[in-house]
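S.K.: below is the structure, and that's it, no one-letter string:
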């Protein structure tokens, strides 16, 4: 009897963790379906086959670089320049991957690889906030990632199937879901004056670099400079 | 377009996207990192989030725009306010989206 009860509770908490993960991923779902949709429509228009369009959402799973790649395919650019562009656009994920490493020290290599495969700007933002608060449960973590990619692939499929028929998604403000989520997570991330200074500095630097034309490197440069200044401030105030 | 070449290019894109996501996690996890690096890595999330966010709310067509037609900027103020007040994910997202819906409806 007690074993049965335990089993039921175990099952219950498994579903609870899955539900918690899916629930946390909802803003990402709001944001990914319309962007995935746009990607699906544009890829079809560019003449990429349905199979290849879906394949990119499965193997690459990175919004901005997929949209850029569609443009480059349409322009007929060489494979090497498409690969190089994709690499540069997604290089910022190195910083995110590094930033999460202190929280995942007891994970197996295969688990790290599966987790890294679905590390996007948005899943990172969510994980950085929950993991720094001590929440590193694998089931919730993987549910968030799988929900996010499922939404991305679903959006892609919608774009392929009904692209062209729905032109306007703006009235629903779905394009504001991800910026709003970033704001919420940024506020939850910021603890203390130094974090505020680093965030403001990084944001201003990023905008400045973008205006100067560094449109692939602005996030990486701004982050590296601002985080370094943050550490510098710590050294300075400690000594 | 040559779909087979696109197929192979997409596989290559998957690889060059996966490696930057994977290698830092794989190499740094489990190492005992120096104090300054841990401190540095702790600044990465707020810095990277701000670096991605600010251009999306300040810029319109590559220019800084603080006019009322830049709805994202004006919606950001109450969204941030709600985020500070609620300290959770959903209230700012839902209220922010509602403000943008109403703003577009008024425009």
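M.R.: Thanks, I have the structure now. What you see is a predicted model; the values in this text were computed from it and never measured.

S.K.: tell me the domain ranges of chain B?
M.R.: Annotated domains of chain B cover B:1-31, B:34-106 [automatic domain parsing].

S.K.: could you do chain A as well?
M.R.: A:2-175, A:190-239.

S.K.: what about the shortest one, distance to the chain center?
M.R.: Right, the one you point to is domain A:190-239. 20 Å (C-alpha atoms, centre = their mean, to the nearest Å).

S.K.: what do you get for the longest one?
M.R.: Relative to its chain's centre, domain A:2-175 lies at 6 Å (C-alpha atoms, centre = their mean).

S.K.: you'd agree residue A:100 is up against residue A:123?
M.R.: No. Counting by C-beta atoms under 8 Å, residue A:100 sits too far from residue A:123 to count as a contact (10.0 Å). Where you see a C-beta, it was placed from the backbone N, CA and C, and this is true even at glycine.

S.K.: the two - which one has more neighbours?
M.R.: Neighbours were counted for residue A:100 and for residue A:123 using other C-beta atoms under 10 Å in any protein chain shown; residue A:100 has more, 26 against 21.

S.K.: and the helices in chain B?
M.R.: For chain B, the helices defined by DSSP state H occupy B:3-28, B:35-58, B:71-86, B:90-106.

S.K.: chain A too?
M.R.: Counting by DSSP H, chain A has helices at residues A:2-24, A:26-45, A:50-59, A:63-75, A:79-90, A:93-100, A:109-117, A:121-132, A:138-162, A:177-189, A:193-211, A:218-238.

S.K.: tell me where chain A is predicted with low confidence.
M.R.: The model of chain A has pLDDT under 70 over residues A:1-11, A:164-171, A:239.

S.K.: one step back: go through the helices of chain B and pick out the most buried.
M.R.: Each of the helices of chain B was scored by mean neighbour count; the highest is helix B:35-58, a mean of 23, by mean count of other C-beta atoms under 10 Å in any protein chain shown.

S.K.: quick one: mean pLDDT for that helix?
M.R.: For helix B:35-58, mean pLDDT is 94.

S.K.: equivalent analysis for stretch B:13-27, please.
M.R.: So the average pLDDT for stretch B:13-27 ends up being 97.

S.K.: circling back to that earlier point, dump the helices of chain B to CSV, plus distance to chain A.
M.R.: Shown next, in CSV, are those (distance: least, C-beta to the nearest C-beta, whole Å):
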stretch, distance to chain A
helix B:3-28, 3
helix B:35-58, 3
helix B:71-86, 4
helix B:90-106, 4
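
S.K.: out of those, which gets nearest to residue A:188?
M.R.: Proximity to residue A:188, assessed across the helices of chain B by C-beta to C-beta, is greatest for helix B:71-86 (7.6 Å).

S.K.: what's around residue A:184, how many residues?
M.R.: Neighbourhood size, residue A:184 [other C-beta under 10 Å]: 27.

S.K.: next up, the contacts around it.
M.R.: Contact analysis of residue A:184 by C-beta atoms under 8 Å, 6 or more residues apart in numbering or on different chains lists A:27, B:79, B:83, B:86, B:88, B:89, B:92, B:93.

S.K.: make it 10 Å
M.R.: By C-beta atoms under 10 Å, 6 or more residues apart in numbering or on different chains, the residues touching residue A:184 are A:27, A:125, A:129, B:79-80, B:82-84, B:86-93, B:96.

S.K.: now list whatever residues contact both of residue A:100 and residue A:123.
M.R.: By C-beta under 10 Å, 6+ apart, residue A:100 and residue A:123 have these common neighbours: residue A:115.

S.K.: picking that back up, export the domains of chain A to CSV and tack on distance to residue B:20?
M.R.: As requested, these are exported to CSV (distance: least, C-beta to C-beta, whole Å):
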stretch, distance to residue B:20
domain A:2-175, 4
domain A:190-239, 11
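
S.K.: please name whichever of these is nearest to residue B:106.
M.R.: The minimum distance between residue B:106 and the domains of chain A falls on domain A:2-175, with 12.1 Å, by C-beta to C-beta.

S.K.: now residue A:131, nearest residue through space, not along the chain?
M.R.: Nearest residue to residue A:131 in three dimensions, chain neighbours excluded: residue A:103, at 4.1 Å (C-beta to C-beta, 6 or more residues apart in numbering or on different chains).

S.K.: do the same with residue A:53
M.R.: residue A:43 (4.2 Å).

S.K.: mind putting the domains of chain B in TSV, distance to residue A:211 included?
M.R.: Compiled in TSV, the domains of chain B are given as follows (distance: least, C-beta to C-beta, whole Å):
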stretch	distance to residue A:211
domain B:1-31	26
domain B:34-106	7
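
S.K.: among the ones you listed, which is nearest residue A:59?
M.R.: Nearest to residue A:59, of those and by C-beta to C-beta, is domain B:1-31 at 3.3 Å.

S.K.: just how off-centre is that closest one within its chain?
M.R.: Computed by C-alpha atoms, centre = their mean, the chain-centroid distance of domain B:1-31 equals 21 Å.

S.K.: quick one, what contacts the residue nearest in space to the middle of chain B?
M.R.: Centroid check for chain B by C-alpha atoms, centre = their mean gives residue B:52 as the closest residue, at 4.5 Å. Counting by C-beta under 10 Å, 6+ apart, residue B:52 touches A:64, A:92, A:121-122, A:124-125, A:178-179, A:182, A:186, A:202-203, A:206, A:218-219, A:222-223.
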